[in-house]
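*Asks:* how would this look folded up:
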Amino acid sequence: AELIALEGGLGGFFAAYVPGMDQAPFPQGTGKLLRKTDNIVFQMHYTASGKAASDKTEVGLYLAPVKPTRELVTSAGFNTTFSIPPQEPEVPVDASMKFTKKSLIYELSPHMHYRGASARFTLEYPDGRREVLLNVPDYFFNWQTLYRLASPKEVPAGTRLFCEGAFDNSPLNRFNPDPSATVTFGEQSWEEMFIGYVNFAETQ
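*Replies:* Predicted coordinates:
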C-alpha cells in the first residue's frame, strides 16, 4: 500500500491540495475521467505534534452534465535520487517527462519543500528547439501555486518537458529546518521532493 501511494503522488494524481493552493475548476472544456470501477485513494501527509489529534477528511466532486471535450491528465517529471549537502546555498536538480502523443498543456506546478529555491519548466521539441514555459525564481513552500497558461500550449508527440530547479540548504534560507543535514528524498517537510507536475490533454 505504501508503494502504491508513493508512486501515485509522484506520477500524478486525480486532485490535490498543498499549502497555498487555491482550488479552481478544471480548464474550460476539460474534465477527469472517473470510472465506476475506480478506487479513490487518499494520501495524507501528517506531522506529529506531540498531542493527540483527529482528522475528518472529505472530498467533493463536481460531475460534468455532459462529457467534456478533452480528458485532463496530471503527470509529472520527478527526481528521487538527489542528495543535498549541508550548508550549500544552490544545489541544482532536474527531472523530465515526454509527451507520447500530440497534447495541449494547460497548467504547471513545481513541488518542493522548505529548501526549494527555484524551478523552471522548459519544452524541448522534437526538432531540438527549446522554449521556457514557466520560471519560478523564488519558490516558497507555503505558496504552491498551480500556474495556468493564458492559452493552452499545443505540443507535438515526442516533445520533452524539463523541470530544472535548485535547493538552498544554507543558513541564509530562514525556512531551512537544519542547514547541517544532508538531505535526500522523503515525504516529510524536513526532507525534500522535486516534482514538476503538468496538467494536459492528449489530442490524438
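*Asks:* so what's Val132 bridging to?
*Replies:* Per DSSP bridges, the residues bridged to Val132 are Thr122.
*Asks:* Could you give the number of residues near the residue nearest to Tyr62 when sequence neighbours are not counted?
*Replies:* The shortest distance from Tyr62 to any residue other than its chain neighbours is 7.3 Å, reached at Pro25 (CB to CB, 6 or more residues apart in numbering). The way it works is simple: take the backbone N, C-alpha and C, and place the C-beta from them, glycine included. A total of 8 residues lie near Pro25 under the criterion other CB atoms under 10 Å.
*Asks:* What of the one 3 residues further on?
*Replies:* Burial of Gln28 is recorded as 10 neighbouring residues (other CB under 10 Å).
*Asks:* Let me know the secondary structure of it.
*Replies:* Taking DSSP: H, G, I helix; E, B strand; the rest coil as the rule, one finds Gln28 in the coil state.
*Asks:* Confirm the residue nearest to Tyr62 sits in a strand?
*Replies:* No: read with three-state DSSP, Pro25 is coil and lies in no strand.
*Asks:* What distance do you get for it to Ala15?
*Replies:* Distance, Pro25 to Ala15, using CB to CB, to the nearest Å: 11 Å.
*Asks:* Glu154 too?
*Replies:* Distance, Glu154 to Ala15, using CB to CB: 25 Å.
*Asks:* for this structure, where's the lowest mean pLDDT among helices and strands?
*Replies:* When the helices and strands of the chain are scored by mean pLDDT, DSSP states H and E, helix 2-11 comes last with a mean of 55.
*Asks:* give the contact list for Gln168.
*Replies:* To be clear, residue 168 is Asp; Gln isn't right here. Counting by CB atoms under 8 Å, 6 or more residues apart in numbering, Asp168 makes contact with Glu88, Pro89, Glu90, Val91, Arg115, Gly116, Ala117, Asn176.
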